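Trainee: fold the following, please.
(2 chains)
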Amino acid sequence: MTGPDLPEMTRPRPDACPSDLLLERRLAGELASAHAAALDAHAASCPACGARVRAMQEPVLEDSKDRLLAQAALVVPESRSSLWKRIGIVRPALLATMLAATVVLVVLPRLRERTPVAPPAVPGDGLHSVLTKGGGDSISVFVQRHGAIRRLGEDEALAPGDRVQYALVVEQASLGALYGRDSRGATRYVPVEGDAPVVLPGGRETLLQPAYVLDATPGDELLIAVLCPEPFLADYPLERLQQWSGDMASLLPSPDCAAVVRVLRKVAVSPGGDFP
Amino acid sequence: MPDREQLRSLVSLALRVCRRILANSADAEDAAQDALERFLRSGFEGRSRPTTYLFTVATRVCIDRLRRLRRQERAYDEWARQQEMVGLAEDRRSTDNMLLIGRLLSGADLSDDDAAIAIHYFVHGMTEQEIAEAMDMKRRTVGWRLARLTGKTRQMVSEDGNDRS
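Mentor: Predicted coordinates:
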């Protein structure tokens, strides 16, 4: 929602209802018994607050909580904590090093061998024949037009003046970089931070920066994401894309890498028009 | 020092607070981790209200994250929609508040204290008195700053409307 339809900001709940802080303090047992009893009575009679209390009592994501618990334990000084004695950790610094090493070895492993993406049949005008994806990996596009921002559908088109931002979704943790090639053969690289490929956590959508404003160049654009298990030079695919014959494998820095493509359709849209 | 059960409660609280502000689970987890570290290193034992203290620490950490989102030009509308999708926003009013907060942080010259007041009031639903106690301010100061924030959002909405006309 944007523009004049936006309401003014208001306190999110009626004055009679307690704040999140007060409910959390009640759960933590920090309130005097009379105050706690009054809150309990309100929660029993107010469906919204009762639901909030139940939501606070539900376990948060167990995986993330266990990880945070382990990391929080590293911060607590060793000498005076019963927690340390219970879990038998000797030195926080040593454990932190081990944890970091585990992250490097486990979180960013060498990937299972990816199946190389089949090269497109025809480059240039044959962009529409290219749509090939590697497994569950994909390229997302967010577009802002006339103040509204939303995710671009697979079959939707862009127009000059649209402000677009890209994101990559990968199944397994990878290092990735995104490139574009328009119908005239002009190429570009979508940098994230500096010139290095970005670390892409597995099972998550990673937004790339910055956003771009589409120019009036006619025709579609091919987006190619190169994904590798190890660091690579971002210039490698870009240089080969500039002289590209259509062989996708030629863009890949190593056989362990894979490519994900998406065609961006671009059409002209009249001023004030909506998404075509 | 907290025992394991207390630590587990603190972790849960930090995660809940951060997930209310940052819809993205990954962002919320990272922020919760930072908040816990700051909380545990700060010598919180002498405080009579550790929950309140962790609440404010977590909110500040999330504000830092939101400011980084602004620098990265994230789509705030998508962020607000994610809030709705994960069901954290209790109603449309909450989602709208979050959208406005995001735009307030991105467009207005907002101090950290003002940003914290905005989130405490419009996201956590805290009263002016609760905010004053949590932030060690006078209630009158909180009230005045809230009125100014409301004015800023009103102006922001009005400018949006003028741009579109």
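Trainee: quick one: end-to-end length of stretch A:142-160, please.
Mentor: 15 Å (Cα to Cα, to the nearest Å).
Trainee: residues of the helix or strand where A:Phe142 lies that come out buried?
Mentor: A:Phe142 is located in strand A:138-145, with elements delineated by DSSP states H and E. For strand A:138-145, the neighbour count (16 or more other Cβ atoms under 10 Å in any protein chain shown) marks A:Ser138, A:Ile139, A:Ser140, A:Val141, A:Phe142, A:Val143, A:Gln144, A:Arg145 as buried. The C-beta positions use only the backbone N, C-alpha and C, and glycine is treated the same way.
Trainee: which parts of whichever helix or strand comes after that strand are buried?
Mentor: Per DSSP H and E, the first helix or strand lying C-terminal to strand A:138-145 is strand A:148-151. Residues A:Ile149, A:Arg150 are the ones in strand A:148-151 that count as buried (16+ other Cβ under 10 Å).
Trainee: which neighbours in the sheet does the strand holding A:Phe142 have, and how are they oriented?
Mentor: Strand pairing for strand A:138-145, using DSSP bridges, gives strand A:148-151 (antiparallel), strand A:163-170 (antiparallel).
Trainee: with distance to A:Ala225 and mean pLDDT added, can I get those in JSON lines?
Mentor: JSON lines is the format used below for the strands paired with strand A:138-145 (distance: least, Cβ to Cβ, whole Å; pLDDT from 0 to 100):
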{"stretch": "strand A:148-151", "distance to A:Ala225": "17", "mean pLDDT": "72"}
{"stretch": "strand A:163-170", "distance to A:Ala225": "5", "mean pLDDT": "83"}
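Trainee: reformat these as TSV; add distance to A:Ala38.
Mentor: Shown next, in TSV, are these (distance: least, Cβ to Cβ, whole Å):
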stretch	distance to A:Ala38
strand A:148-151	43
strand A:163-170	47
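Trainee: pLDDT weak spots in chain B?
Mentor: For chain B, applying pLDDT under 70 flags the ranges B:1-2, B:23-24, B:44-48, B:69-100, B:102-109, B:156-165.
Trainee: which residues in chain A form strands?
Mentor: Ranges of strands in chain A, per DSSP state E, are A:138-145, A:148-151, A:157-158, A:163-170, A:174-182, A:187-190, A:198-200, A:204-207, A:212-213, A:221-228, A:258-266.
Trainee: make CSV out of those and add distance to A:Gly29.
Mentor: What follows is these, written out as CSV (distance: least, Cβ to Cβ, whole Å):
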stretch, distance to A:Gly29
strand A:138-145, 44
strand A:148-151, 43
strand A:157-158, 55
strand A:163-170, 42
strand A:174-182, 45
strand A:187-190, 51
strand A:198-200, 41
strand A:204-207, 36
strand A:212-213, 52
strand A:221-228, 49
strand A:258-266, 51
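Trainee: which one of the ones you listed lies nearest to B:Met126?
Mentor: strand A:148-151 (29.4 Å; Cβ to Cβ).
Trainee: with just CA atoms, put the closest one into CSV.
Mentor: Extracted C-alpha coordinates of strand A:148-151, given in CSV (Å, rounded to 0.1, in the frame of the first residue of the first chain):
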residue,chain,number,x,y,z
ALA,A,148,3.9,0.0,-5.9
ILE,A,149,6.5,-2.7,-5.4
ARG,A,150,5.8,-6.4,-6.0
ARG,A,151,7.2,-9.6,-7.2
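Trainee: what is the burial count for residue 26?
Mentor: In the absence of a named chain, this looks at chain A. Neighbours of A:Arg26 under the rule other Cβ atoms under 10 Å in any protein chain shown: 21.
Trainee: that's the wrong chain, I meant chain B
Mentor: Neighbours of B:Ala26 (other Cβ under 10 Å): 14.
Trainee: what sits against it?
Mentor: Neighbour list for B:Ala26: A:Pro201, A:Arg204 [criterion: Cβ atoms under 8 Å, 6 or more residues apart in numbering or on different chains].
Trainee: buried ones in the helix or strand hosting it, by neighbour count?
Mentor: In this assignment (DSSP H and E), B:Ala26 forms part of helix B:25-41. By neighbour count with 16+ other Cβ under 10 Å, helix B:25-41 contains the buried residues B:25, B:27-40.
Trainee: can you show me the helices along chain B?
Mentor: B:4-21, B:25-41, B:50-71, B:76-85, B:92-107, B:112-122, B:128-135, B:139-164 (DSSP state H).
Trainee: of all those, which one is nearest A:Val170?
Mentor: helix B:25-41 (13.6 Å).
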